[in-house]
Each structure stands twice: as structure tokens, then as C-alpha cells.
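[1] Okay, sequence plus prediction incoming.
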Amino acid sequence: VEMMWLLVVSTAVIGRAWALCPPQNDVLLRAARGEAVERTPVWLFRQAGRHMPEYRKFKEDSGQGFLEILDDPVSVAEVTMQPLRRYDVDAGILFSDILVLAQAMGVKVEMPGGKGIVVPEPVADAKRAEYVAAIAGHDPEWLISKYLKHVTRAVEEIRAAQLKEDRDVTLLGFSAAPWTLLYYVLGSNSRDDGPARRFVKRESDALVDSLLDSFESLILAYSYAQVEAGAHAVQIFDAMAGGIDPKLYDDMILPRLTRLADRFKTKYPDVPLLCFSRGVANPLETNELLANHYDVVTLETRADRRRHRGDIASCLQGNLDPKLLVNANDNSKDKLLKETANLVSDLGSGPWIANLGEGLAGTEDPDLVAAFVDAVHAPGATAAADADETASPDDTRPLVVN
């Protein structure tokens, strides 16, 4: 019996050690570090979920809602694996939500249907804000281990599934950035930034600083835990960077975003860290600063790819418009392939990761998603882009900002 127990334990330890090894397909990791790669890596924001028929069937068969899936590590692993089975992507990303961190500090979240995730009892006054800051900042490692163990367990389940199915690509963990987490905790959402703006204007800088500092420490603890569970890289989403006055963002938010990266890289210097700061007033200036701290910076849809590529030598990520993945008419695929060729041409002269300029919304056509992924990987894609541009001297691409 003792020998059998030792065998079981040893097998588990060996399996976990194997899951923590670099993936067999490490092209994204090498691109993130600025190394030479044999093909352009590609993955998509929100690549798992509503646009996939297998996801909708899984929800129907399991009877689980979105939040119930997030609480079940085995279900999270299944949903994370679905795009890896369907598409030739070079990374999977933990299927989760940025608001799980709110739950860890006692802020309730709900998904009533048709409204996305909401915070029914947001932090709306100074007294509760002080309490939340104290909870988040006192012992963030303990909070993660107690309240988000199911998330780190899900990372382990995903790595086990990847190895079992021989789909050993990079696994990305992720988290909200401090401001984006605060934005939602204060009661704002993608349609209404009023609560966050009013809170920042009304309350003292010291209180806002305290919240952001505490959230920074909590996010770091969460990111560390994902890496320790098997994630190969971490994506930080400052999805609501546009939900605050630009000067306040530059003065109050950006310094913490760069400090977060510096603290992370001090602990895990070899783990790539990716950042997406969306909606800022000056994408190029912001990304130039972030590129000094993050391995990869992401271009949103409106960003000027050529200026970014000309000014930033490190790895860029983005930025196809996901609307091109919605099958609107018979010309949808041709238009997609032309824009993909432009994307390759604009960013392909330096290290980059092909992705979107924002996440999939759920109405995209899986066949067009597959066509995008395959077009990025296709030999001669850069040459095709160059040829197309030579044949069409009038550049009719959408207006972009820096």
C-alpha cells in the first residue's frame, strides 16, 4: 500500500513538472522575446466562447451558465481547449473574466442575462472604498489561494488537457490592470463610465491611490499564481483606459501600469508579459512608454500600425478589426484576406503577434476566423501584401490615430 501511494504521488509530481515545462510550440514566446521565428504566431482575444457552436452546445448540455463554468476547473479547461481544436492558433488563453478578482475581495458580481457581468453593489463611498483597499492589499497571496484556487486549478487542468490531446501551445494567463479593475468595482461598465469618473473626481487622490496600489498587489499575486500553476505568459488588459481623463491616466494610471510590469519581471524575468491599454488618447505615445516595461504591447483597431512599427522595435500585437470576421456578404472572405495581407505588410518587418484590435463579440463566423489564422500562417503572406499594395497606389484603409 505504501509503495502504491508513493507511485501515485510520484506520477502526479512528474506530471505537474512536465506541465510546467515550456510548450512544444513556443513560437509565441520566442516572438514576444524578440527572437527569430519560423512563422508569425497568432491567437485572438476572446477566442473561446460565444462565436463557437461547440461552446453553445457545451453550455446547453452541461446546463451551466457563464459564472458556473468559471467556478468549475474542468469546464474551464474544456472551453479553453475548444478553439485549440478548431483553429491552428499558437496560444490558448485561460477562459475566465477580469472580474473574478472583484470576487476575491468580497465584491459581488452577477450575470443576469443580456447585460454581461455586472456589479450589483458597487463601491460607491469612501468608507467602503477604504475597506476594499484594506482587504485587497493586506495579504493578496492569501486571498488568491483562498478565493481563486479554482482559477489556478483550471490552469493546471488546461495544461493537462493540452498534453493529453497533443495541443501543447503557449498558455496565456491574464488579469485586468489596476485601473480597469477599479473602473468596474466602482460600478462603471462598457456603456457608462460615469460612476468611475465621478468617484475619482469626488474622492481624495490618497484614497484613489490606496485602491490602485492595493489592486496592483492583488493583480501581481494573481498573475504569479497563474504562472506557478503552468501559464507560460501573462496578458494584462487595461480595457477601460479610455474611461478616465487623459491627464489623470498619464499621471496616475500609467506609472502603476509600468511599475506592475517591473515588479512582475523582477520575480519572473523570463516570463513574457503582454499589455493592452485600450482607448487612450495617444496610443503611440502610451505604447512607446509601455514597450520599455512590457515584452509585448497591443495595438487597438484604430492605432496606426506603420507608425507603431517604425517607432517600436520590440514585439507588437494586433490589430485586425474583428468586424471583418462577421460574414456580411459573399465578399467577406476576400475583404478579410486583403486586410490580413495589409496587416502582415504593416507589422511584419519586426517581431509581432497577429491578433485583433479588440475581442470577439460572439457574432463572428468560425470559418472566417479560421481563414484569418491560416492566412497569417500562409507562406508568402508578406509578399502577397506587398504585391497588393504595389498594385493599388491609392491607400483606402480606414483613418487611424497615433
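    Everything's here; your move. Numbering: from 1, shown residues only.
[2] Going by C-alpha atoms from here, please, whenever you check contacts or count neighbours.
    Will do.
[3] can you pull out the helices in the stretch 101-250 of the chain?
    Residue ranges of the helices in the stretch 101-250 of the chain, as given by DSSP state H, counting those that start in this stretch, are 126-138, 140-147, 149-164, 178-185, 194-202, 205-229, 246-248.
[4] Determine which of the ones you listed approaches Ala375 most closely.
    helix 149-164 (24.1 Å; C-alpha to C-alpha).
[5] what angle sits between that closest one and helix 205-229?
    Computed by axes from the mean of the first three to the mean of the last three C-alpha atoms, to 10 degrees, the angle separating helix 149-164 from helix 205-229 equals 30 degrees.
[6] Going forward, count from 42.
    Renumbered: residue one is now 42, and that last one reads helix 190-205.
[7] For helix 190-205, list every residue counted as buried.
    For helix 190-205, burial by neighbour count (16 or more other C-alpha atoms under 10 Å) applies to 191-204.
[8] Likewise for stretch 330-344?
    330-332, 334-344.
[9] As a markdown table, those residues with distance to Asp113 and pLDDT would be great.
    As requested, the buried residues of stretch 330-344 are arranged in a markdown table below (distance: C-alpha to C-alpha, whole Å; pLDDT from 0 to 100):
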| residue | distance to Asp113 | pLDDT |
| --- | --- | --- |
| Leu330 | 38 | 98 |
| Leu331 | 34 | 98 |
| Ala332 | 35 | 98 |
| His334 | 34 | 98 |
| Tyr335 | 31 | 98 |
| Asp336 | 31 | 98 |
| Val337 | 30 | 98 |
| Val338 | 31 | 98 |
| Thr339 | 30 | 98 |
| Leu340 | 32 | 98 |
| Glu341 | 32 | 97 |
| Thr342 | 33 | 96 |
| Arg343 | 36 | 94 |
| Ala344 | 37 | 96 |
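[10] Please flag which of those residues sit within helices.
    The helices, defined by DSSP state H, take in Leu330, Leu331 from the buried residues of stretch 330-344.
[11] so can I have JSON lines of the buried residues of stretch 330-344 showing distance to Asp408?
    Shown next, in JSON lines, are those (distance: C-alpha to C-alpha, whole Å):
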{"residue": "Leu330", "distance to Asp408": "37"}
{"residue": "Leu331", "distance to Asp408": "34"}
{"residue": "Ala332", "distance to Asp408": "34"}
{"residue": "His334", "distance to Asp408": "36"}
{"residue": "Tyr335", "distance to Asp408": "33"}
{"residue": "Asp336", "distance to Asp408": "31"}
{"residue": "Val337", "distance to Asp408": "28"}
{"residue": "Val338", "distance to Asp408": "28"}
{"residue": "Thr339", "distance to Asp408": "25"}
{"residue": "Leu340", "distance to Asp408": "24"}
{"residue": "Glu341", "distance to Asp408": "23"}
{"residue": "Thr342", "distance to Asp408": "21"}
{"residue": "Arg343", "distance to Asp408": "25"}
{"residue": "Ala344", "distance to Asp408": "26"}
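[12] quick one: the residue lying closest to Glu405 once chain neighbours are set aside from Leu409, how far?
    Spatial nearest neighbour of Glu405, chain neighbours left out: Val367 (4.4 Å); criterion: C-alpha to C-alpha, 6 or more residues apart in numbering. Per C-alpha to C-alpha, to the nearest Å, Val367 is found 7 Å from Leu409.
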